[in-house]
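[1] sequence below, structure please.
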Amino acid sequence: MASYFAQYINGEIMSRIGKQPISVPSGVTVKVDGATVSVKGKNGELSIVARQEINVAIDGDVVNVTRKNDSRTARALHGLTRSLVNNMVVGVSEGFTKKLEIVGVGYKAIVKGEILNLTLGFSNPIDYKLPKGIKAVVDKQTLIDLSGADKQLVGQVAAEVRSFRPPEPYKGKGIKYVGEIIKRKAGKAGKATAG
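    Coordinates of the predicted model:
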């Protein structure tokens, strides 16, 4: 395990990831303009600017990410850039999803256009404006499906929505990721009074 972390820190694991070619599915176009890599598909268009240590090239329906030298920074950026480009390809073709669950009596969510309306036991409901490119679907008022092409943005929005009422450890009330295990605490027992 220690050697794995040493390899990871030195960028060897990331550069191993970086060496894997990215296959571009039909319906997705990838363009490289200088350092800017743009990916377009049915779910929209995403782009990143690759660092100067990294080279991104298109070869037919495959994208290859290579590093210009063997420096530690270049090795670490190699795998990172490959992961980012791959996430864009997956995002514009299939999309990414995060599922949230609302637990609590009277707690609910409703989607009104670009607004996610949350009733979470506060004196007023919360109106959360969904960023461009993020879609929310609510099932049975307690299951929120957040989806979009940008993996990082989907994760960020899910974290922001969860932060409005993180699950508390006693009854588990609040907003949690579907499948998230909440460490529960026992409630305080009342002291027995001497008779």
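
[2] so which bits of the longest helix anywhere in the chain are buried?
    Ordering each helix of the chain by length in residues (DSSP state H) puts helix 72-93 first. For helix 72-93, a neighbour-count test (16 or more other CB atoms under 10 Å) marks 74-93 as buried. Any C-beta I mention is one placed from the backbone N, CA and C, and that applies to glycine too.

[3] repeat that for stretch 134-144.
    So stretch 134-144, judged by 16+ other CB under 10 Å, has buried residues 134, 136, 138, 144.

[4] looking at the residues you listed, which are in strands?
    134, 136, 138, 144 (DSSP state E).

[5] show me what contacts the third one?
    Applying CB atoms under 8 Å, 6 or more residues apart in numbering, one finds that residue 138 lies in contact with 109, 110, 111, 116, 144, 145.

[6] can you rerun that using 6 Å?
    For residue 138, the contact set (CB atoms under 6 Å, 6 or more residues apart in numbering) comprises 109, 111, 144.

[7] gap between it and residue 124?
    19 Å (CB to CB, to the nearest Å).

[8] avg pLDDT for stretch 134-153?
    The average pLDDT within stretch 134-153 is 95.

[9] distance between the ends of that stretch?
    Length of stretch 134-153, first residue to last, CA to CA, to the nearest Å: 8 Å.

[10] stretch 38-53 now?
    Per CA to CA, stretch 38-53 runs 18 Å from first to last residue.

[11] coming back round to it: any chance of the ones in strands among the buried residues of stretch 134-144 in TSV, plus distance to residue 175?
    Listed next are those as TSV, based on distance: CB to CB, whole Å:
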residue	distance to residue 175
134	16
136	13
138	12
144	8
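
[12] related to what we said a few turns ago, ok, and what's touching the next helix or strand after the longest helix of the chain?
    The helix or strand immediately downstream of helix 72-93 is strand 96-103, counting by DSSP states H and E. Residues outside strand 96-103 that contact it (CB under 6 Å, 6+ apart) are 109, 142-147, 151, 154, 158, 172-173, 175-176, 178.

[13] where does the chain dip in pLDDT?
    1-15, 187-195 (pLDDT under 70).

[14] can you do 50?
    4, 8-9, 11, 194-195 (pLDDT under 50).

[15] how is the chain partitioned into domains?
    As recorded under automatic domain parsing, the domains making up the chain are 2-93, 96-177.
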